[in-house]
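1. just to be clear, the model below is a prediction. Sequence and coordinates:
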Amino acid sequence: MPVARPEPQEPRVIAHVDMDCFYVQVEQRRNPALRGQPTAVVQYNDWKGGGLIAVSYEARSFGVKRSMRGDEAKRVCPGINLVQVPVARGKADLNLYRSAGSEVVAILASKGKCERASIDEVYLDLTDAAKQMLLQSPPDSPEEIFMEAAKSNILGLPSDASEKEKNVRAWLCRPDADYEDKLLACGAIIVAQLRVRVLEETQFTCSAGIAHNKDDLGVETIGDLLSFTEEKLQEQYGVNTGTWLWKIARGISGEEVEDRLLPKSHGCGKTFPGPKALKNSASVKGWLDQLCEELSERIQSDLNQNKRIAQTLTLHARASKANERDSTKKFPSKSCPLRYGTGKIQEDAMKLFESGLHDFLESQNTGWSITSLSVTASKIFDIPSGTSSILRYIKGPSSAASQAIPDSSSVPEDPSLDNNVYATPIHEEKCEPSTSENEDGERYSDISAKQCPTSEEKRISKKLPEVKGTSSILKFLSRGQSALHEKRKSDGLICSPQGPGSSSEANKAEEHNVAAQRADRSNINSGTEPSASNAWMFNVEDIDPAVVEELPPEIQREIQGWIRPSKQPSTKRRGSTISSYFPPARS
DNA sequence: ACGGATGCAACG
DNA sequence: TCGTTGCAT
């Protein structure tokens, strides 16, 4: 007897909302003339008319499929409208669809815990809303439930609902309809209302329900699915999927809906098939720069709009060697701490590439070609809203300018800076930071007083570009401080890097990253001594311990859980990790 | 020249 | 933790 993953506790009402042929709908909204027409969205069109990524129902009825090329679609359906995905920086740009997806998510999230599963798919936990409806305005007769549910099935798409209706009706009106069924019916009603709202506010239609309609069993609706035993479904779809289907058809899903409206990572990439393969590092750099530019823009707006910071930059590539056709060796992925700023990201991505290429080639002298490149920003964390208060305590030299930013919902990146790191804007303007003066009579917050530069240090600081507008922990610590760090190091004021043996267990990750960066650099520019500032990233570890210690205890606590929310609080205390402030030497 | 771009989870 | 793989839309 097969046993599935245990499905715990309470009945839940979980909806799966799917924007079908979403890209087409987005294009139809942009150009209403396309409505009701056979339409498909293609990526690129140079080669065989481009690849289809979404197909309207009208076009589907001609037999147009998503796996087709534009040329093929034309052949099958000569009247088809092919709309191209926007191209920016030489690559497909999906931002239009991403933000359209956000519009929908924003509406759905109003009724329950909402998980953005993909650009056009959402899971919604409607348990609470359904319970509430059952308490407040219970649809008392099964008949009434059915009428509501039927409406929801009909909405949006043209329906040949007669068969469907029969099943749903039979199900809802069956004599043993119980609490769970009513709850589910309420869920259906809520989803129906949501779909109306989505339609009204975005002009998009969506369908809600089960996504796994492979039709092997003639399954079209929940009602159909209910007629199968759990065992039969397991047999057909596998133990886990079968159970999942059986349960979800009854509104029971053990899988929690995650409360997450935003993606967990941002990536952008491009393939270079066949003759387009990249064969020298100049062309790789060119494309990498383009990809990094887009990535930088995206994480920057994520920071500005959502107050989230990405920690890790990863580079993926696909490669082959010139003379070996079926070499199974793969180009290794490489990652490093993510530093904000387009230039930094480009620089780091190229280093990751070079490092990966080095490993890939294993010191062979063969030529190579790259057939795909991608960069990804991951490990994204919220900056807790309270953190903006931290910024009041730590103000850099340009604190006066920062006062003039009441509502910086958007902080544009200044392209003239090559080390831009922005923190969340200051929203609350409650307390004034106390200040002190340095030897030049300039005012600094007490917190930063320990870091208050001498005039010589300040001269160095001024070589660095000024960040206008926002004064932040990031700017001050990550940019300004690194220069001071260099200076102090050369003045012998701080200790030299530790040897690898002396470092604590808690330092290993940091060591790894720093060492990897250094290794990369020395691989590429052998003989060039890596500068410590290159290892700087925005992280708690970057903060001078002296600065942290000066913070009020509650702020210290906040910082501890900030960038890397501690899963096991303080067994490996981050405080000691701050010693990585002095990056360990490479072994 | 594989449907591409993207995102997720699981695994070692 | 990182890097790989596989899978999904």
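-> Alright, I've got the coordinates.
2. shouldn't A:Pro11 be within a strand?
-> No: membership of A:Pro11 in a strand is not supported by DSSP: H, G, I helix; E, B strand; the rest coil, which gives coil.
3. identify the residue nearest it in space, chain neighbours excluded?
-> Nearest residue to A:Pro11 in three dimensions, chain neighbours excluded: A:Glu180, at 4.7 Å (C-beta to C-beta, 6 or more residues apart in numbering). No exception for glycine: its C-beta is placed from N, CA and C like everyone else's.
4. mind checking how far the one you found is from A:Gln136?
-> Using C-beta to C-beta, to the nearest Å, we find A:Glu180 at a distance of 18 Å from A:Gln136.
5. looking at the two, which is more packed in?
-> A:Glu180 (15 against 7; other C-beta atoms under 10 Å).
6. so that one, which state does it fall into?
-> A:Glu180 falls in the helix class when you classify it by three-state DSSP.
7. repeat that for A:Ala310.
-> strand.
8. so what's it up against?
-> Residues near A:Ala310 by C-beta atoms under 8 Å, 6 or more residues apart in numbering: A:265-266, A:299, A:302, A:338, A:377-380.
9. just the helices in the stretch 151-300 of chain A please.
-> A:162-172, A:179-202, A:222-226, A:230-237, A:239-249, A:281-306 (DSSP state H, counting those that start in this stretch).
10. average pLDDT for the fourth one?
-> Okay, so that is helix A:230-237. Taken as a whole, helix A:230-237 has a mean pLDDT of 67.
11. and what of stretch A:261-281?
-> For stretch A:261-281, the per-residue pLDDT averages 91.
12. tell me if that stretch is near DNA strand C.
-> No: residues of stretch A:261-281 are not located near DNA strand C by C-beta under 7 Å from any atom of the strand, the shortest gap being 10.3 Å.
13. what's the answer for stretch A:344-353, then?
-> No: counting by C-beta under 7 Å from any atom of the strand, DNA strand C has no neighbours in stretch A:344-353; the shortest distance is 8.1 Å.
14. buried sites along that stretch?
-> Going by neighbour count (16 or more other C-beta atoms under 10 Å), the buried part of stretch A:344-353 is A:344-353.
15. what parts of the stretch 251-400 of chain A come near DNA strand C?
-> Checking the stretch 251-400 of chain A against DNA strand C by C-beta under 7 Å from any atom of the strand, the hits are A:312, A:314, A:330, A:332-335, A:379.
16. could you point out which element follows the helix or strand harbouring A:Val24?
-> Per DSSP states H and E: A:Val24 is located in helix A:22-30. Heading C-terminal from helix A:22-30, the first helix or strand you meet, by DSSP H and E, is strand A:39-43.
17. pLDDT on the helix or strand following that next one, on average?
-> Next in sequence after strand A:39-43, counting helices and strands by DSSP H and E, comes strand A:51-55. Taken as a whole, strand A:51-55 has an average pLDDT of 93.
18. now stretch A:62-79
-> Computed over stretch A:62-79, the mean pLDDT rounds to 91.
19. got it, and stretch A:322-336?
-> Stretch A:322-336 carries an average pLDDT of 82.
20. how about residues contacting it?
-> For stretch A:322-336, the surrounding residues in contact (C-beta under 8 Å, 6+ apart) are A:312-321, A:348, A:351-353, A:355-357, A:359-360, A:366-370, A:513, A:516-517, A:520.
21. show me which of those residues are buried.
-> For these, buried by 16+ other C-beta under 10 Å: A:312-321, A:348, A:351-353, A:355-357, A:360, A:368-370, A:513, A:516-517, A:520.
22. residue ranges with poor pLDDT in the stretch 251-400 of chain A?
-> A:251-255, A:325-326, A:385-400 (pLDDT under 70).
23. alongside DNA strand B, which residues does it contribute?
-> A:258, A:263-271, A:273-277, A:371-372, A:374, A:376, A:378.
24. now do 10 Å
-> Contacts of the stretch 251-400 of chain A with DNA strand B, taken as C-beta under 10 Å from any atom of the strand, map to A:255, A:258, A:260, A:262-277, A:291, A:294-295, A:298, A:302, A:316, A:318, A:320, A:333, A:369, A:371-378, A:380.
25. derive a PyMOL selection command for the buried subset of those.
-> Only the buried entries of those go into this PyMOL selection, using 16+ other C-beta under 10 Å:
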select buried, chain A and resi 255+263+266+267+268+269+270+272+277+291+294+295+298+302+316+318+320+369+371+372+373+374+375+376+377+378+380
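26. which of the residues of the stretch 251-400 of chain A next to DNA strand B fall within strands?
-> Under the assignment DSSP state E, these contribute A:266-271, A:316, A:318, A:320, A:369, A:371-378, A:380 to strands.
27. in the stretch 351-500 of chain A, which residue sits closest to DNA strand C?
-> A:Lys379 (6.7 Å; C-beta to the nearest atom of the strand).
28. distance check, that residue against DNA strand B.
-> 10 Å (C-beta to the nearest atom of the strand, to the nearest Å).
29. how many other residues sit next to the nearest residue to that residue once chain neighbours are set aside?
-> Spatially, and ignoring its direct neighbours in sequence, A:Lys379 is nearest to A:Gln311 (3.9 Å; C-beta to C-beta, 6+ apart). For A:Gln311, the neighbour count with other C-beta under 10 Å is 17.
30. would you agree A:Gln311 is in contact with A:Tyr340?
-> No: A:Gln311 lies out of contact with A:Tyr340 (C-beta atoms under 8 Å); the separation is 10.6 Å.
31. who touches A:Arg98 in this structure?
-> By C-beta under 8 Å, 6+ apart, the residues touching A:Arg98 are A:Ile119.
32. surely it forms part of a helix?
-> Yes: residue state for A:Arg98 (three-state DSSP) corresponds to a helix.
33. and it, what's its pLDDT?
-> In this model, A:Arg98 carries a pLDDT of 91.
34. with A:Ser152 instead?
-> 51.
35. and the closest residue to A:Ser265 other than its chain neighbours, how close does it get to A:Val122?
-> Once flanking residues are discounted, A:Ser265 sits nearest to A:Ser378: 4.0 Å by C-beta to C-beta, 6+ apart. For A:Ser378, the distance to A:Val122 equals 21 Å [C-beta to C-beta].
36. what of A:Leu262?
-> Distance from A:Leu262 to A:Val122, by C-beta to C-beta: 12 Å.
37. find the residues that touch each one of these two.
-> A:Arg116.
38. re earlier: from the residues of the stretch 251-400 of chain A next to DNA strand C, which two are the most distant?
-> Maximum pairwise distance among those (C-beta to C-beta): 23.0 Å, between A:Lys330 and A:Lys379.
39. between these two, which has more neighbouring residues?
-> Ranked by neighbour count (other C-beta under 10 Å), A:Lys330 and A:Lys379 place A:Lys379 first, with 17 against 13.
40. pull the contacting residues for that one.
-> Contact analysis of A:Lys379 by C-beta under 8 Å, 6+ apart lists A:265, A:310-312.
41. ok, A:Tyr97 next?
-> A:22-23, A:26, A:119-120.
42. out of these, who's the most crowded?
-> Within the contacts of A:Tyr97, most neighbours by other C-beta under 10 Å means A:Tyr23, with 26 neighbours.
43. that one touches A:Val85, doesn't it?
-> Yes: counting by C-beta under 8 Å, A:Val85 is a contact partner of A:Tyr23 at 7.4 Å.
44. what is in contact with those two at once?
-> A:41, A:53.
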